[in-house]
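Enquirer: Let's see this in three dimensions:
(2 chains)
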Amino acid sequence: EAGVTQFPSHSVIEKGQTVTLRCDPISGHDNLYWYRRVMGKEIKFLLHFVKESKQDESGMPNNRFLAERTGGTYSTLKVQPAELEDSGVYFCASSPIGRAREKLFFGSGTQLSVL
Amino acid sequence: RKEVEQDPGPFNVPEGATVAFNCTYSNSASQSFFWYRQDCRKEPKLLMSVYSSGNEDGRFTAQLNRASQYISLLIRDSKLSDSATYLCVVIAGNQFYFGTGTSLTVIP
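Expert: Modelled structure (predicted):
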């Protein structure tokens, strides 16, 4: 069974540019989460989808970040325009509905560097 | 105040040693607790759930103390392959909260 996959694994962009990150969750997992880890800090929640609906987007830092999950399958996270403080590792995680939802499966992350 | 606090370490221990990590959480209404392991430049992976009654998986033992709001992880007979960062994760409401992780290096 394929795990959570993220693309790209690394992205280096200049301040002001746009970047789109993609996450393919485990097939059948309705819960999809985006997290971010800034160097030296803890992993922090960005938002949570249940199928195609945004369940909780309280962690999104500002309106430069836009997440979508059309059709309830893969998700994209767009940063436009990128700022220096957006640098970090962006993790996607998925889990099934129900009690097992508490056990997250993570992708390997996208290392974003904004110069 | 952070939701979850961990000593970042690093912990450098010889092979065969026993090592323990602690983690504290601030929300007394937290309902679920986990330890995740993260290897260098890899994704976090679930190591084990943590229950009030304590649970053991081979060389790993996890304990939860709700009264003091802390979680522990004990690793016995450390192996080189145990070298990683160990993340404490707490669920409160519908949110997952992560500690910064404790770095462990097992030395030959």
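Enquirer: Quick check: chain neighbours aside, which residue is closest to residue A:88?
Expert: Once flanking residues are discounted, residue A:88 sits nearest to residue A:38: 4.3 Å by CB to CB, 6 or more residues apart in numbering or on different chains. (C-beta placed from N, C-alpha, C; glycine too.)
Enquirer: That neighbour against residue A:90, yeah?
Expert: No - the criterion here is CB atoms under 8 Å, and residue A:38 misses it with residue A:90 at 10.3 Å.
Enquirer: Chain B versus the residue sitting furthest away from the middle of chain A, what's the distance?
Expert: Distance from the centre of chain A peaks at residue A:99, with 22.2 Å (CA atoms, centre = their mean). Separation of residue A:99 from chain B (CB to the nearest CB, to the nearest Å) stands at 10 Å.
Enquirer: Next up, phi/psi of that residue, please.
Expert: With angles defined as degrees, to the nearest 10, residue A:99 sits at phi -60, psi -40.
Enquirer: Find me the pLDDT at it, would you?
Expert: In this model, residue A:99 is scored at 77, pLDDT.
Enquirer: Compare neighbour counts for residue A:38 and residue A:90 and give me the winner.
Expert: residue A:90 (22 against 13; other CB atoms under 10 Å in any protein chain shown).
Enquirer: ok, that one - contacts?
Expert: Applying CB atoms under 8 Å, 6 or more residues apart in numbering or on different chains to residue A:90 gives the contacts A:6, A:21, A:34, A:35, A:36, A:46, A:77, A:109, A:110, A:112.
Enquirer: Which secondary structure element is home to the third one?
Expert: According to DSSP states H and E, residue A:34 maps onto strand A:31-37.
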